[in-house]
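>>> Need a 3D model of the sequence below.
(chains A and B)
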Amino acid sequence: GAGVSQSPSNKVTEKGKDVELRCDPISGHTALYWYRQSLGQGLEFLIYFQGNSAPDKSGLPSDRFSAERTGGSVSTLTIQRTQQEDSAVYLCASSPSGTPRETQYFGPGTRLLVL
Amino acid sequence: KQEVTQIPAALSVPEGENLVLNCSFTDSAIYNLQWFRQDPGKGLTSLLLIQSSQREQTSGRLNASLDKSSGRSTLYIAASQPGDSATYLCAGLRNTGNQFYFGTGTSLTVIP
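Okay, the predicted model is just below:
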């Protein structure tokens, strides 16, 4: 079956522009996670969606970052007024119900470069 | 905040060698620990998940152990193969909250 997909695979933008990154989780998975992987650093948690519950936004680095999940499926991560330090690989993951006993299934990521 | 450290950062071994990757974490209040593999330009693939009540998990040539009291996990790879070349990441999930804390990874190269 289809795994987690993300688009675009690569994005180059100019400083100050807004960008939108998309994640399509595995069908039927209620939990969705966004992570950021900066060069030379580990993965950094950004945000977590579980069903219709309020998302856990505790990892978002600034108010320029926001995310939404429509219809409990597709999610969009938006970065406003991009900065060079936003350059990173943005990874999305999903899991069946979000319980700690489950593994997370990761997408291939979107590589963002802010010039 | 949970700090996860992986040693070594990079490792190069000849094919057929057994090897151990290390992961240490500062907060023993973890619910589970996972080992992932990341190939260049690709996402993460889960290898093994160890619940806090378990001490180890095995899958094929891979064996992962967890010692919560010392804050350590190891990934043992037996009879390494060139196809094992990748970056290996460990991640811990705390008892509270929804986020995994990832280490910076160990880049493994298996030389034919």
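>>> Please list the residues of chain A that sit near chain B.
A:4, A:33, A:35, A:40-45, A:48, A:50, A:56, A:58-59, A:91, A:93, A:98, A:100-101, A:103-109 (CB under 8 Å from any CB of the partner chain). Backbone N, C-alpha and C define where each C-beta goes, glycine included.
>>> try 6 Å this time
Residues of chain A lying near chain B by CB under 6 Å from any CB of the partner chain: A:42-43, A:45, A:48, A:56, A:100, A:103, A:106-109.
>>> What ranges in the chain fall below the confidence cut-off?
In the absence of a named chain, this looks at chain A. Residue ranges of chain A with pLDDT under 70: A:1, A:100.
>>> that answer is for a different chain, and I need it for chain B
For chain B, applying pLDDT under 70 flags the ranges B:1-2, B:95-98.
>>> B:Pro40 and B:Thr109: what is the separation?
For B:Pro40, the distance to B:Thr109 equals 12 Å [CB to CB, to the nearest Å].
>>> Same check on B:Arg37?
14 Å.
>>> For the two, work out which one has more neighbours and name it.
Between B:Arg37 and B:Thr109, counted using other CB atoms under 10 Å in any protein chain shown, the more crowded position is B:Arg37 (19 against 13).
>>> The more buried one and chain A, how far apart?
Per CB to the nearest CB, to the nearest Å, B:Arg37 is found 10 Å from chain A.
>>> which residues does that residue contact?
If a contact means CB atoms under 6 Å, 6 or more residues apart in numbering or on different chains, then B:Arg37 has B:45, B:47, B:86, B:88 as its contacts.
>>> quick check, it in a strand?
Yes. Membership of B:Arg37 in a strand is supported by DSSP: H, G, I helix; E, B strand; the rest coil.
>>> any chance you could map the strands in chain B?
B:4-7, B:10-14, B:19-25, B:30-38, B:44-51, B:56-59, B:62-67, B:72-77, B:86-94, B:100-102, B:106-111 (DSSP state E).
>>> interface residues of chain B facing chain A?
Residues of chain B lying near chain A (CB under 6 Å from any CB): B:31-32, B:42-44, B:46, B:49, B:93, B:98-99, B:102-104.
>>> rerun that using 8 Å as the cut-off
Counting by CB under 8 Å from any CB, the residues of chain B that sit close to chain A are B:4, B:31-32, B:34, B:36, B:41-46, B:49, B:51, B:89, B:91, B:93, B:97-105.
>>> Which of the residues you listed are buried, as a ChimeraX select command?
The following ChimeraX line selects those of the residues of chain B next to chain A that are buried, judged by 16 or more other CB atoms under 10 Å in any protein chain shown:
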select /B:4,31,32,34,36,43,44,46,49,89,91,93,97,98,99,100,101,102,103,104,105
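>>> Any idea what A:Glu68 is bridged to?
Counting by DSSP bridges, A:Glu68 is bridged to A:Thr76.
>>> cool, and A:Asp24?
A:Ser5.
>>> same check, this time on B:Leu66
B:Ser73.
>>> What count of nearby residues applies to it?
A total of 25 residues lie near B:Leu66 under the criterion other CB under 10 Å.
>>> With B:Pro14 instead?
Neighbours around B:Pro14, by other CB under 10 Å: 9.
>>> Quick check: it touching B:Ile111?
Yes. Counting by CB atoms under 8 Å, B:Ile111 is a contact partner of B:Pro14 at 5.2 Å.
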